[in-house]
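# following is a predicted model, sequence given first.
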Amino acid sequence: MKNATLLALVCMGLSAGCGSASDAEAVRAAESFVISWEGTAARICVTEPGVACPQGKDDQIEGGRVYWVIDASCWPGGIDRPVQYGVVPNCGKDKTADHKGTWEAPQPGVTYKVSVAGFGGDITETEVAW
């Protein structure tokens, strides 16, 4: 257990190699959208454009509207993909309230920024307009 914890801490401090995420995509599907990516996800943030998804698990989102935040509850596998917006996936934990956010169904005329962060701190982003 101590070795796994130490490895997790070392990986969180590296920029790559311990579970990176890339090629985020959000595709409209009925009344929601589906989020997918390549690699391993430690966090998913759905915010208004211009809002940064923090890399550290204890860092807070600041300066804008937060719709949904999911943190990985499994390591090293991370959050299972694909993910439907608003449905907490396997190995995911809803942290929206911790970031002073409020989930809402997609609204007409609203653009959502989707950010997927890997365990190494890298972030891949895309936007979906409703």
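Received the coordinates, thanks.
# quick check: residue 62 vs residue 84, distance?
For residue 62, the distance to residue 84 equals 27 Å [C-beta to C-beta, to the nearest Å]. The C-beta positions use only the backbone N, C-alpha and C, and glycine is treated the same way.
# actually residue 49, not the one I wrote
Counting by C-beta to C-beta - residue 49 and residue 84 are separated by 21 Å.
# first vs last residue of stretch 68-86, how far apart are they?
Chord length of stretch 68-86, first to last residue, is 7 Å (C-alpha to C-alpha, to the nearest Å).
# strands along the protein, start to end?
21-29, 32-39, 43-47, 66-72, 83-84, 92-94, 111-117, 123-129 (DSSP state E).
# highest mean neighbour count out of the ones you listed?
Burial of the strands of the chain is given as mean neighbour count (mean count of other C-beta atoms under 10 Å); strand 43-47 ranks first at a mean of 26.
# touching, residue 83 and residue 89? I think so.
Yes: counting by C-beta atoms under 8 Å, residue 83 touches residue 89, with 4.7 Å between them.
# which residues are in contact with each of these two?
Common contacts of residue 83 and residue 89 (C-beta atoms under 8 Å, 6 or more residues apart in numbering): residue 70.
# stretch 72-81: which residues count as buried?
Buried residues in stretch 72-81, counted by 16 or more other C-beta atoms under 10 Å: 72, 75, 78-79, 81.
# that should have said stretch 82-89, apologies.
Of the residues in stretch 82-89, those buried (16+ other C-beta under 10 Å) are 83, 85-86, 89.
# wait, residue 118 sits on residue 38?
No: between residue 118 and residue 38 there is no contact under C-beta under 8 Å: 9.8 Å.
# who's the residue lying closest to residue 81 once chain neighbours are set aside bridged to?
In space, residue 81 comes closest to residue 36 once its chain neighbours are excluded; the distance is 5.3 Å by C-beta to C-beta, 6 or more residues apart in numbering. Beta-bridge pairing for residue 36 (DSSP bridges): residue 25.
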